[in-house]
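S.K.: please find the sequence and the predicted model below.
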Amino acid sequence: VQLVESGGGLVQGGGSLRLSCAASVRTFSTYAMGWFRQVPGKEREFVASISWNGGSTYYADSVKGRFTISRDNAKNSVYLQMHSLKPEDTAVYYCAADPKAPWRTPSWASEYDYWGQGTQVTVSS
């Protein structure tokens, strides 16, 4: 399974970005998907997750109401729409795939088997 993130960049505080993650897998709909972020010197932090059909989503408190996770199984893709961005949202954002329990919305990094290479998001103040 290969995951490739895109859509990162530099944005002013209060702005928006949409991250995409494309998966090279035949059975994308059998994976729960998640987004995490990491800044240097800190542990990888959970952002959001989504079940196999998009019916369940889960968000970190820090992004609830500002970020939206979605997926398009026909395109083998998961997205993270980010609004009202803050400087503290600056990080490398990673998407991850969990094939073990696709009906769930995992929030621990250890639950995911596959990871992308990450995309940098920088929010200026």
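M.R.: In hand now; what should we look at? As the structure is a prediction and not an experimental result, all values here were calculated from the model.
S.K.: residues contacting Thr30?
M.R.: Residues in contact with Thr30 (C-beta atoms under 8 Å, 6 or more residues apart in numbering) are 52, 99, 102. Where you see a C-beta, it was placed from the backbone N, CA and C, and this is true even at glycine.
S.K.: by neighbours, which of the residues you listed wins?
M.R.: Most neighbours among the contacts of Thr30, by other C-beta atoms under 10 Å: Trp52, with 21 neighbours.
S.K.: roughly how far apart are that one and Lys100?
M.R.: As judged by C-beta to C-beta, to the nearest Å, Trp52 and Lys100 stand 11 Å apart.
S.K.: returning to what we had before: is it possible to export the contacts of Thr30 to JSON lines including distance to Glu5 and secondary structure?
M.R.: JSON lines is the format used below for those (distance: C-beta to C-beta, whole Å; DSSP: H, G, I helix; E, B strand; the rest coil):
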{"residue": "Trp52", "distance to Glu5": "20", "secondary structure": "coil"}
{"residue": "Pro99", "distance to Glu5": "19", "secondary structure": "coil"}
{"residue": "Pro102", "distance to Glu5": "20", "secondary structure": "coil"}
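S.K.: please identify which of these is nearest to Ala32.
M.R.: In terms of C-beta to C-beta, no member of the contacts of Thr30 lies closer to Ala32 than Pro102, at 4.9 Å.
S.K.: leaving out sequence neighbours, find the closest residue to that closest one.
M.R.: Trp52 (3.6 Å; C-beta to C-beta, 6 or more residues apart in numbering).
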